[in-house]
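>>> Attaching a predicted model along with its sequence, questions to come.
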Amino acid sequence: EVQLVESGGGLVQPGGSLRLSCAASGFTFGSYDMSWVRQAPGKGPEWVSRIDSGGGSTYYADSVKGRFTISRDNAKNTLYLQMNSLKPEDTAVYYCTRSLTTWSSYDYWGQGTQVTVSS
């Protein structure tokens, strides 16, 4: 059974940092691209970042480029998202997803972790 379990969310002040983690199990983690997707209150899902299976290529939404860094440790079956210079508009539930070949298509999602940026 495929499982994706996020952790690391919380309340942070504007300008602060958080590191999200996603523990994967039930599949060969190192064979799949992975993505982070977020959903703010009252809005639809928004793609944030993607990393290829080997970790050599990364992609970011314009809204987070230069502030967020996606990475992975295939030996630990874990995906990460380092978020710096956080803004109130980054407030959302962040989901770890297993990516399909078609861009912005995902076949498995985690349960999500809440990130709230507020003073």
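That came in fine, so what should we check first?
>>> separation between the residue nearest the centre of the chain and Ser119?
The structure's the chain has its C-alpha centroid closest to Trp36; by C-alpha atoms, centre = their mean the separation is 2.7 Å. Using C-beta to C-beta, to the nearest Å, Trp36 is found at 24 Å from Ser119. Where C-beta positions appear, they are placed from N, C-alpha and C, glycine not excepted.
>>> Then Lys43?
Distance from Lys43 to Ser119, by C-beta to C-beta: 22 Å.
>>> Mind telling me what element the residue nearest to the centre of the chain is part of?
strand 34-39 (DSSP states H and E).
>>> Show me the contact partners of the helix or strand following that strand.
Downstream of strand 34-39, the first helix or strand assigned by DSSP H and E is strand 45-51. Identification of contacts with strand 45-51 by C-beta atoms under 8 Å, 6 or more residues apart in numbering yields 33-40, 57-61, 63-64, 68, 70-72, 79, 81, 92, 94-95, 99, 103-104.
>>> make it 6 Å
Residues outside strand 45-51 that contact it (C-beta atoms under 6 Å, 6 or more residues apart in numbering): 34-39, 58-61, 64, 70, 72, 104.
>>> Going by neighbour count, which of those are buried?
Met34, Ser35, Trp36, Val37, Arg38, Tyr60, Val64, Ile70, Arg72 (16 or more other C-beta atoms under 10 Å).
>>> Let me see the contact set for Ser7.
Per C-beta under 6 Å, 6+ apart, neighbours of Ser7: Ser21.
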